[in-house]
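In: Could you look at this predicted model? Sequence included:
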Amino acid sequence: MNNKIYLQITSGRGPAECCRAVALVLEKILKQARELKLEAEVLEREQGEINRTLFSAIISLEGNKIDEIVNEWEGVIQWTAQSPYRIYHKRKNWFVGVKSFTPSELSDVDMKYITYQTLRSSGAGGQHVNKTETAVRAIHNPSGLSVIASDQRSQHQNKKLATERLLVKLSAWTEEQMMQEAQKNWDNHNSLERGNPVKVIKEPLN
């Protein structure tokens, strides 16, 4: 049993309705994580083009019951609802993908392609701001993907954290390419069989 995983929720660049479903699935998973007393952190949210929508999100989960979330949510989620953006649109089934990654399953990336930059950590207004450069940005040069870690007090710890988060982002990026291909199939054929959902949610997207 793993006690730490990363979850990616992605619309596969589907329409706004799928992006709204990503935001709602994220809320449901975070609520369930709180109920299971898991440590949950949203590492990244990629905002959609419409308010309250997300192209994708990445969550870190730690605790003894994370398998309950993985078993329930991993796979294709079908959200059945009338479009809140296109009132007369006939389509009512919207798909998002949920994929889990354990630290040992992350992308096998040649570390020579990752570069690092140090920068000052910043606190909220009124708080003490760290004057030393302990925050670290990790950059995967071939793809241009990057992340910043400033959670820890030491630069060494933040470098390790940034590296792990970058590998998660790279794994999620690869998965999203597959989800985009699936979205094209669903958009072209509007076939439930192609979705093969592990979970069906029938709630408004509002």
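Out: Great, that's in hand.

In: Identify each buried residue in the lengthiest helix in the chain, please.
Out: Ranked by residue count and defined by DSSP state H, the top helix of the chain is helix 155-189. The neighbour-count check on helix 155-189 (16 or more other CB atoms under 10 Å) flags 155, 158-159, 161-173, 175-176, 179, 182-183, 186 as buried. Glycine gets a C-beta too; all of them are placed from N, C-alpha and C.

In: What of stretch 77-91?
Out: Buried, per 16+ other CB under 10 Å, within stretch 77-91: 77-79, 81-83.

In: repeat for stretch 47-61
Out: Burial within stretch 47-61, assessed by neighbour count using 16+ other CB under 10 Å, is assigned to 48, 53-61.

In: For my notes, please list those in a markdown table and give pLDDT, distance to I201 and secondary structure for each entry.
Out: A markdown table is the format used below for those (pLDDT from 0 to 100; distance: CB to CB, whole Å; DSSP: H, G, I helix; E, B strand; the rest coil):
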| residue | pLDDT | distance to I201 | secondary structure |
| --- | --- | --- | --- |
| G48 | 92 | 18 | coil |
| T53 | 96 | 16 | coil |
| L54 | 95 | 16 | strand |
| F55 | 91 | 19 | strand |
| S56 | 89 | 18 | strand |
| A57 | 91 | 16 | strand |
| I58 | 89 | 21 | strand |
| I59 | 92 | 18 | strand |
| S60 | 90 | 23 | strand |
| L61 | 94 | 20 | strand |
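
In: quick one: average pLDDT of the longest helix of the chain?
Out: Helix 155-189 comes out with an average pLDDT of 76.
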